Each structure stands twice: as C-alpha cells, then as structure tokens.
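*Asks:* Need a 3D model of the following:
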Amino acid sequence: MSRPESGAPTTTPPPTPPGESPAAPLPAAGPGPGAVAVPPSPCLSKVELRVSCRALLDRDALSKSDPCVMLLMQSRGQWVEVERTEVIKRNLHPVFSKVFTIDYYFEEVQKLRFEVFDINSSSVPCGPREDDFLGAAECTLGQIVSHKKITKPLVLKHGKHAGKSTITIIAEELSGNNNYVELFFSARKLDDKDLFSKSDPFLEIHKLDDDDTFQLVHRSEVIKNNLNPVWAPFTISINSLCSCNYDRLIKDQPGVALWDRGASLGRDVPHADEDLASGPVDGCG
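*Replies:* Take a look at the predicted model:
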C-alpha cells in the first residue's frame, strides 16, 4: 500500500456503499489559492457619555451664554457631527441631560471632539456662528472609557485657552440589560418662588455613582405657573437609572430635586436657579 507524500495531509473518506466508485480523498481544510483571510470583527460595546461644563465664557452682552455641546467624531480625516445636547439658557456651568450613546471598538482609535457654542435665537436657523464659539476639547473614546471621568480645558481657535473654561465627560459602558422602566411624578403644594405669578417647576433625577457623587440622569419638562404639577410619564433604561444595580435603586434611591425658573423658556431646557423641594415626590410607578 502506498503512503501519501509528506506535507500533503488528507482526510479519510467515508466507506463506499455497494455499487458505487470509491470517493476521492478530501483535502485538508484551509484557504484555497488566492483566498483572502477575513480578520475577525473587533469586540464591540456601547458606551454612554454625559457632559457638563464649568466657567464658560460669557458671549452675551445683556445676559449669560446659552450653551450647547456638539459631539464630533473623526472619519477619514474629517470631523463629522454625531449629535448635540440640548440648549441650556443663561448658564455658565451647565449640566446637560442629553446622553450620547456610542459604539466602542476596542481595537480602533476613535477620536472625539466636543465643541461648545452659545446658541442664540438668531443662530438656530443656519447653525452657530464662529463668534458663538466657546471652546473645544479633543480626546479618544478609549481615554474616556479607561478613566471613566475626565476633565479637559476648553481651547479656542489657534490653541488659545478659553479662560478657565472646562468640560467634563463621564463614560459608562452598558451591560447586556436592555430593560426599561416607565416613571411618572407629581408634586403638591410647592413653594411659590415667583413674585407676580406662581412657580414654573421642573424635576431632575440624579443617581449616586460609585465615587459618591450624584449624576444627572433625567430632566423633565417645565410646567408653568403651577404649584401642583403633574409631569408627563417617561421611560428610562435600567442602565441609565441605576447602572443595572437593583440594590442601588432600592437602597440609595435616585435623588429627586424640583426647580423653578421664572423667565420665559421657549423650547429650551431651563436653567435650574431656585430649589423648591428635594426628596420624595408622589406618583412614582
């Protein structure tokens, strides 16, 4: 019996049924001539980013800046806008409720740029103007994820620092829990903070992080001229509300604060400038 040549491994064929010709030996597994090996897909997770700013420049002559943060990601050497936060009126230390959710590829360098603008009513139709620019900061998504929380100075054109302005980005990797919960809140007999009308309350929910700091997870709509507000129901993910730690939700309870803003709000999210109450509120379901 002859033996196969060295270096040419074969696979033993199955037994030949009666009346059929023997099957040829099967070749060893492996890429054929000219085949291109396909690299494995990179590991992927989703990351939530929350942003806040401190000591922003004041671009408005008669009031404070109305900041908004734009998130851009570098693609093929160009910066492409991904999303932007809400506008917070008249606030130089904004904490934004908008959450950026980004796909995180472990093996890729994902460059991010955060640009802060003062959004005036005149700049909304055509986008922010250059003179509304409050500063920018750049980093990679991997840097934010590895540190979980980073603070960077805001820089103007030509590398000039924007005074003492800073931006803080907090990252949280999402687990496989895709559950959501629906919540609704109401309040009764709130303090009246306005002189010529009733308070205009809105509600904020904060969660206690592992570093014992509170993080904003939701900001409600404003109900104008009402001391007994009933806010619209909303849904929020378990990841955002309690980082999928159900004991944290029961034990620590997300912080709830009620605020009043007396000025006209338009369509923008309000600036929290007066504390009406802090603690339990009715109607959480």
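*Asks:* and Arg90, how many residues sit next to it?
*Replies:* Neighbour count of Arg90, defined by other Cβ atoms under 10 Å: 18. Quick note: C-beta positions are derived from backbone N, CA and C, even for glycine.
*Asks:* any residues touching stretch 80-100, and which ones?
*Replies:* For stretch 80-100, the external contacting residues (Cβ atoms under 8 Å, 6 or more residues apart in numbering) are 48-58, 60, 63-74, 102, 119, 204, 216-219, 240, 263, 265-266, 268-271.
*Asks:* Among those residues, name the ones in helices.
*Replies:* Using DSSP state H, the members of those that fall within helices are Ser240.
*Asks:* Restricted to strands, list the contacts of stretch 80-100.
*Replies:* Of the positions in the contacts of stretch 80-100, 48-54, 67-74, 102, 204, 216-219 sit in strands, assigned by DSSP state E.
*Asks:* Narrow these to just the buried residues.
*Replies:* Buried members of the ones in strands among the contacts of stretch 80-100, scored by 16 or more other Cβ atoms under 10 Å, are 48-53, 67-73, 102, 204, 216-219.
*Asks:* all helices for the chain, in order.
*Replies:* 141-147, 238-242, 246-251.
*Asks:* what's the least confident stretch among these?
*Replies:* Among the helices of the chain, helix 246-251 carries the lowest mean pLDDT, at a mean of 52.
*Asks:* Just to check, Ile150 is in contact with Thr140?
*Replies:* No. In this structure Ile150 lies outside contact range of Thr140 using Cβ atoms under 8 Å: 10.4 Å.
*Asks:* if I pick Asn225, what's in contact with it?
*Replies:* Contacts of Asn225 (Cβ under 8 Å, 6+ apart): 197-200.
*Asks:* whoops, I mixed them up, Ala171
*Replies:* 47-49, 141, 144-145, 147-149.
*Asks:* Which pair of those residues spans the longest distance?
*Replies:* Largest separation among the contacts of Ala171 by Cβ to Cβ: Glu48 and His147, giving 14.9 Å.
*Asks:* So, low pLDDT: which residues of the stretch 1-150 of the chain?
*Replies:* 1-43, 121-131 (pLDDT under 70).
*Asks:* Could you do the stretch 151-285 of the chain as well?
*Replies:* 176-177, 194, 246-285.
*Asks:* Give the buried residues for the longest strand anywhere in the chain.
*Replies:* Taking DSSP E as the criterion, the chain has its longest strand at strand 161-173. Neighbour-count burial for strand 161-173 flags 162, 165-167, 169-172 (criterion: 16+ other Cβ under 10 Å).
*Asks:* Quickly list what Ile169 is bridged to.
*Replies:* With DSSP bridges as the criterion, Ile169 is bridged to Val51, Ile150.
*Asks:* In ChimeraX, how would I select just the buried ones from the contacts of Ala171?
*Replies:* Listed next is the ChimeraX selection for buried residues among the contacts of Ala171, using 16+ other Cβ under 10 Å:
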select :47,48,49,141,144,145
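*Asks:* and of the contacts of Ala171, the nearest to Lys189?
*Replies:* Using Cβ to Cβ, Glu48 comes nearest to Lys189 of these, at 35.7 Å.
*Asks:* Check whether the closest one really touches Ser175, as I assumed.
*Replies:* No. Using Cβ under 8 Å, Glu48 is not in contact with Ser175, being 11.1 Å away.
*Asks:* what residues are shared contacts of the two?
*Replies:* Counting by Cβ under 8 Å, 6+ apart, the residues touching both Glu48 and Ser175 are Asn239.
*Asks:* nearest residue to Ala171 other than its sequence neighbours?
*Replies:* With sequence-adjacent residues excluded and distances taken as Cβ to Cβ, 6 or more residues apart in numbering, Ala171 is closest to Ile144, at 4.4 Å.
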